[in-house]
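> Next come a sequence and a model predicted from it.
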Amino acid sequence: MFIGHIPAGYISTKTVFQILPHRYIENIRIQFAMFWGIFGSIFPDLDMFYFYLIDKKQHLHHGYWTHIPFYWLSIILLIFLIFIACGKRSQIIYLFVFSLNIFIHLFLDTIVGKIRWLYPFSSHDFVFFHVPACHNWWVWNFIFHWTFLFEIIIVATAFIIIIREYLGQNKSIIQIT
Ligand SMILES: [Zn+2]
């Protein structure tokens, strides 16, 4: 996925704060939570720096730990237990939106990318749709494939939410903030 991760992070974080009961979010700074949500939505792709600068494109970046659910599950569980032990309740909400967006990122990457959902039990690469290599530049293969419509829908949905909020029509969000 190329352009859909950040808008997906925005949409999911907004949705979380519309769904969660008020008692869970009364001490939460929405902008801070939005930062962690959007940060989580793109965090796995920060491995592209390692891919280009250090690994020199030797391995697919979806094979790094940053794109393997098992490692994220372990890290998140550990941080969650630390927060519970320290009684940091509001931080658990930030961890929740960050974690949710990590896994949304991995799910969206599974549409045309390869994610090892069952690692370490299996190294099988899960992918919903295979994109054929038809163009010289690999990026065109994905942009001109019909699955790119998913990205366009996500971006359009985020824009609609932003515009509705700007126009003051999204009253439920305004009440929370
Ligand atoms: Zn990714």
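Received it, and whenever you're ready, just let me know what you need.
> Can you give me the pLDDT of the nearest residue to Ile162 once chain neighbours are set aside?
Leaving aside its chain neighbours, Ile162 sits nearest to Tyr10 (7.8 Å; criterion: C-beta to C-beta, 6 or more residues apart in numbering). Yep, even glycine has a C-beta here, placed from its N, CA and C like the rest. pLDDT, Tyr10: 97.
> give the contact list for Tyr10.
Contacts for Tyr10 were tallied using C-beta atoms under 8 Å, 6 or more residues apart in numbering; they are 34, 37-38, 41, 158, 161-162.
> what do you get if the cut-off is 10 Å, keeping everything else the same?
34, 37-38, 41, 101, 154-155, 157-159, 161-162 (C-beta atoms under 10 Å, 6 or more residues apart in numbering).
> Repeat that for Asn101.
Residues near Asn101 by C-beta under 10 Å, 6+ apart: 5-6, 8-10, 12-13, 16, 36-44.
> circling back: which of the contacts of Tyr10 are buried? Put it as a PyMOL command.
Here is the PyMOL command that picks out the buried ones among the contacts of Tyr10, judged by 16 or more other C-beta atoms under 10 Å:
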select buried, resi 34+37+38+41+101+154+155+158+161
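> Which of the contacts of Tyr10 sits closest to Thr147?
Closest to Thr147 out of the contacts of Tyr10 is Ile154 (11.8 Å), distances taken as C-beta to C-beta.
> Give me the distance from the strand or helix carrying the closest one to the chain's centre.
Taking DSSP states H and E as the criterion, Ile154 maps to helix 148-166. How far helix 148-166 lies from its chain's middle: 15 Å, per C-alpha atoms, centre = their mean, to the nearest Å.
> just stretch 87-107 next, same as before
Going by C-alpha atoms, centre = their mean, where stretch 87-107 is centred and where its chain is centred differ by 10 Å.
> average pLDDT for that stretch?
94.
> So it, near the ion or not?
No: judged by C-beta under 5 Å from the ion, stretch 87-107 stays clear of the ion, getting no closer than 5.7 Å.
> For that stretch, buried residues please.
Applying 16+ other C-beta under 10 Å to stretch 87-107 flags 90-91, 93-106 as buried.
> Mind naming the longest helix for this protein?
Looking across the chain with DSSP state H, the single longest helix is helix 89-112.
> Kind regards, and thank you for your time.
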